[in-house]
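**Q** Here is my input, please return the structure:
(2 chains)
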There are 2 protein chains.
Amino acid sequence: MRATYMYGAGDVRVIDVPDATIKHPTDALVRVVRSCVCGSDLHPYHSMPTTPEGSSMGHEFLGVVEDIGSDVTTIKRGDLVIAPFAWSDGTCDFCREGLQTSCRHGGFWNSGDVRGGQAEAVRVPLADGTLVAVPASVGEDSPLLPSLLTLSDVYGTGYHAAVKADITPRTTVTVIGDGAVGLLAVLSARRLGAEQIILMGRHTDRTALGREFGATDVVAERGADGIAKVKELTGGDGTHAVIEAVGHMPAYEQAVGVVRAGGVISRVGVPQYEQAPVGFDSLFGPNITLTGGPAPARAYIPVLLPDVLDGTVEPGKVFDREMPLEEIADGYKAMDERRALKVLIKP
Amino acid sequence: MRATYMYGAGDVRVIDVPDATIKHPTDALVRVVRSCVCGSDLHPYHSMPTTPEGSSMGHEFLGVVEDIGSDVTTIKRGDLVIAPFAWSDGTCDFCREGLQTSCRHGGFWNSGDVRGGQAEAVRVPLADGTLVAVPASVGEDSPLLPSLLTLSDVYGTGYHAAVKADITPRTTVTVIGDGAVGLLAVLSARRLGAEQIILMGRHTDRTALGREFGATDVVAERGADGIAKVKELTGGDGTHAVIEAVGHMPAYEQAVGVVRAGGVISRVGVPQYEQAPVGFDSLFGPNITLTGGPAPARAYIPVLLPDVLDGTVEPGKVFDREMPLEEIADGYKAMDERRALKVLIKP
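**A** Numbering: from 1, shown residues only, chains lettered A, B, ... in the order given. This is a model prediction of the structure:
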């Protein structure tokens, strides 16, 4: 079968690999119907050291179950399933608490002997815990597929950011970053009732979608100018919640600059730094809470699925390009050069 | 009148200063009945640059109202009052939200023209918002005074740490630091129902008081050994909540080491660092929340006062030395050398 591998920064190839097969009784074999490229795939795309063996890619996909192991009971052949970006047993204490990213027996795609979703098929470990089947009425050519695919990662991640930020109808919010996660954090904040949602981003096509998703204000400026603008929009105080959906230090500094005393900074952009200011002058003095992390997307699929199925929300609008698996290297390039917001892949 | 000033690291003196008087219609003049030395006073005691004018000291006191400005309505002459470690108007949006440390018109003792509590008397700004009167039945020689005085800072601060850490009856907690704040965080965690409270501290007289306040386990080891011990006591996972009541980097690192995935680190020790690890390997990957800050002690006085008045709790046990104001320099020294846990001052 064909699968995507990265061999170093900027070097993405679709190659022949042995067909995915069932290995364990708890596995499912899923034929990929849609996958996509993630903003977080761009981090190794910038910095991965060259390796001859390469690394399999992709952690967002939906597909049809072709086969199941003998212990799988909740998923059957023919089901159209959503795979969250971490696999998990669904039964341990962390899973029961809704923190499947810390599952005691789970893990992430593209590590160990588990391969990625930017491929024709995937062996899914712990299928009962990991996969969520959508109703049989949704076919392989449903117009809902792009929106369903966002439940693998970006919508769940935006929602996690909003949940961890304690957003309520009395909350004002700043969302830093106009990528797919930032835009879906806007949608999530709106869903949770936030009265003011300021989107910080400078790509007008993206911020236009942000307004459609519920942003009440857009701030294109960055750094000190951007902070001043948010302060101006909030009577000088900043917002109760700040969602940081980028992962670079300037975005963190921006977050500290625009959060209101007593507020929350919720991070879902994977931090590209280890040390950051957290002392008296940044977080401690004004009683700021710093939270967030990898979203337990699996926990949010049942919560978010109904509104996607009935069309109340259309998170799939973040996909602005579609291409076949064989052309995925162009998809990475288009996203890296900001010519595409998010690229949908059809194997 | 006599008042305490610090002139540089290790240089504490009681000097003559002009009598405190009413300056604004919202002021109260309070004759100090009890004050004390705080663990946070030891930070300048270690590092303050020498200055000829010195700096007034003390931010915890209770006393009798001697005079009030013409606008003061809720406090009257003769009231025995508790002063929290920040003064605040009690009417702005931050005060109404219970974040009096960010009051729009408030401030901290020993800044601007406001002097400190390690003195014979204090001018209290915004007296209606700042001060809380205790029932008239409590006299100037009541045995409750030490416990009432902890409501100025250390009990409220320990309680703030526990509240921000979301402690419930299902929570396991590690408290780092066996100073007065750490011990009162133990008491607070017990009050909120925590099922396991691990106190990290190596002064056996202090940890004995910690056990009396509700600690279920004591870990004397520090660094990697201390982390291993806490892990051992928690099935390898660490605790849901960690209260960091020290403020130095090793305590922060300890907190990161013993917090359970999905858990909360709540800081109330004033950070003596600005940068700290917060990236994928410390906070982000396991979805750890970092919270805390200066406690809005004013908000907690009405919550905590009843149990102090009826003797349900005795937070005043943290005072293990008492001395007159004139000897306060010895009090600083005793606390700095860990010969005293917390020193009560009787002007």
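**Q** hang on, residue A:92 packs against residue A:105?
**A** Yes - Residue A:92 is in contact with residue A:105 according to C-beta atoms under 8 Å; the separation is 6.5 Å. For every residue, glycine as well, the C-beta is placed using N, CA and C.
**Q** can you give me the helices in the stretch 51-200 of chain A?
**A** Under the criterion DSSP state H, counting those that start in this stretch, helices of the stretch 51-200 of chain A are mapped to A:93-96, A:127-130, A:145-149, A:154-164, A:180-191.
**Q** Can you convert those into CSV and add a column each for mean neighbour count?
**A** Supplementary listing: the helices of the stretch 51-200 of chain A in CSV, determined by neighbours: other C-beta atoms under 10 Å in any protein chain shown:
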stretch, mean neighbour count
helix A:93-96, 18
helix A:127-130, 24
helix A:145-149, 24
helix A:154-164, 28
helix A:180-191, 29
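**Q** Show me the one of those that comes nearest chain B.
**A** Taking C-beta to the nearest C-beta, helix A:93-96 is the member of the helices of the stretch 51-200 of chain A nearest to chain B, at 6.5 Å.
**Q** Is there proximity between that closest one and chain B?
**A** Yes - interface with chain B: helix A:93-96 contributes residue A:94 (C-beta under 8 Å from any C-beta of the partner chain).
**Q** And the residue of the stretch 1-150 of chain A closest to chain B?
**A** For the stretch 1-150 of chain A, C-beta to the nearest C-beta, closest residue to chain B: residue A:102, 3.9 Å.
**Q** okay, the helices of the stretch 51-200 of chain A in JSON lines with mean pLDDT next?
**A** Shown next, in JSON lines, are those (pLDDT from 0 to 100):
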{"stretch": "helix A:93-96", "mean pLDDT": "97"}
{"stretch": "helix A:127-130", "mean pLDDT": "98"}
{"stretch": "helix A:145-149", "mean pLDDT": "98"}
{"stretch": "helix A:154-164", "mean pLDDT": "98"}
{"stretch": "helix A:180-191", "mean pLDDT": "98"}
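**Q** and the residue nearest to residue A:60 when sequence neighbours are not counted, how many neighbours does it have?
**A** Closest residue to residue A:60 apart from its sequence neighbours, by C-beta to C-beta, 6 or more residues apart in numbering or on different chains: residue A:152 at 3.7 Å. Each residue near residue A:152 was counted by other C-beta atoms under 10 Å in any protein chain shown, and the total is 27.
**Q** ok, now how distant is residue A:152 from chain B?
**A** As judged by C-beta to the nearest C-beta, to the nearest Å, residue A:152 and chain B stand 18 Å apart.
**Q** Check that residue and give its pLDDT.
**A** Here, the pLDDT recorded for residue A:152 equals 98.
**Q** OK, contacts around it?
**A** A:36, A:59, A:60, A:61, A:62, A:82, A:83, A:84, A:85, A:117, A:297 (C-beta atoms under 8 Å, 6 or more residues apart in numbering or on different chains).
**Q** Get me the contact residues on chain A for chain B.
**A** Counting by C-beta under 8 Å from any C-beta, chain A sits next to chain B at A:94, A:97, A:99, A:101-102, A:164, A:261-262, A:267, A:270-271, A:273-294, A:296.
**Q** Can you select the buried ones from those residues in ChimeraX?
**A** Buried residues within the residues of chain A next to chain B, by 16 or more other C-beta atoms under 10 Å in any protein chain shown, are selected in ChimeraX with:
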select /A:94,99,101,102,164,261,262,267,270,271,276,277,278,279,280,282,283,284,285,286,287,288,289,290,291,292,293,294,296
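**Q** Out of the residues of chain A next to chain B, which sit inside helices?
**A** When DSSP state H is applied, the residues of chain A next to chain B are split such that A:94, A:164 fall in helices.
**Q** Okay, domains of chain A per the record?
**A** As recorded under automatic domain parsing, the domains making up chain A are A:2-153+A:296-346, A:157-292.
**Q** Redo those as a markdown table? Include distance to residue B:109.
**A** Converted to a markdown table, the domains of chain A look like this (distance: least, C-beta to C-beta, whole Å):
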| stretch | distance to residue B:109 |
| --- | --- |
| domain A:2-153+A:296-346 | 42 |
| domain A:157-292 | 16 |
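**Q** out of the ones you listed, deepest packed?
**A** Neighbour counts (mean count of other C-beta atoms under 10 Å in any protein chain shown) averaged over each of these peak at domain A:157-292, with a mean of 22.
**Q** who's in contact with the residue nearest to residue A:65 when sequence neighbours are not counted?
**A** Closest residue in space to residue A:65, ignoring its immediate chain neighbours: residue A:79 at 4.6 Å, by C-beta to C-beta, 6+ apart. Listed by C-beta under 8 Å, 6+ apart, the contact partners of residue A:79 are A:64, A:65, A:131, A:133, A:136.
**Q** Which residue in those has the weakest pLDDT?
**A** residue A:136 (92).
**Q** circling back: mind checking how far the residue nearest to residue A:65 is from residue A:30?
**A** 9 Å (C-beta to C-beta, to the nearest Å).
**Q** swap in residue A:40?
**A** 21 Å.
**Q** so what's residue A:66 up against?
**A** A:29, A:30, A:31, A:77, A:121.
**Q** Just the CA atoms of whichever strand or helix holds the first one, as PDB, please.
**A** Following DSSP states H and E, one finds residue A:29 within strand A:28-36. Extracted C-alpha coordinates of strand A:28-36, given in PDB (Å, rounded to 0.1, in the frame of the first residue of the first chain):
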ATOM      1  CA  ALA A  28      -9.000  -2.900  13.700                       C
ATOM      2  CA  LEU A  29      -7.800  -2.500  10.100                       C
ATOM      3  CA  VAL A  30      -9.200   0.800   8.700                       C
ATOM      4  CA  ARG A  31      -9.100   1.800   5.000                       C
ATOM      5  CA  VAL A  32      -8.600   5.500   5.000                       C
ATOM      6  CA  VAL A  33     -11.300   7.500   3.300                       C
ATOM      7  CA  ARG A  34     -10.100  11.000   4.300                       C
ATOM      8  CA  SER A  35      -7.000  12.200   6.000                       C
ATOM      9  CA  CYS A  36      -5.200  15.600   6.200                       C
END
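**Q** Also compute the angle for that strand relative to helix A:154-164, please.
**A** Counting by axes from the mean of the first three to the mean of the last three C-alpha atoms, to 10 degrees, strand A:28-36 lies at 90 degrees to helix A:154-164.
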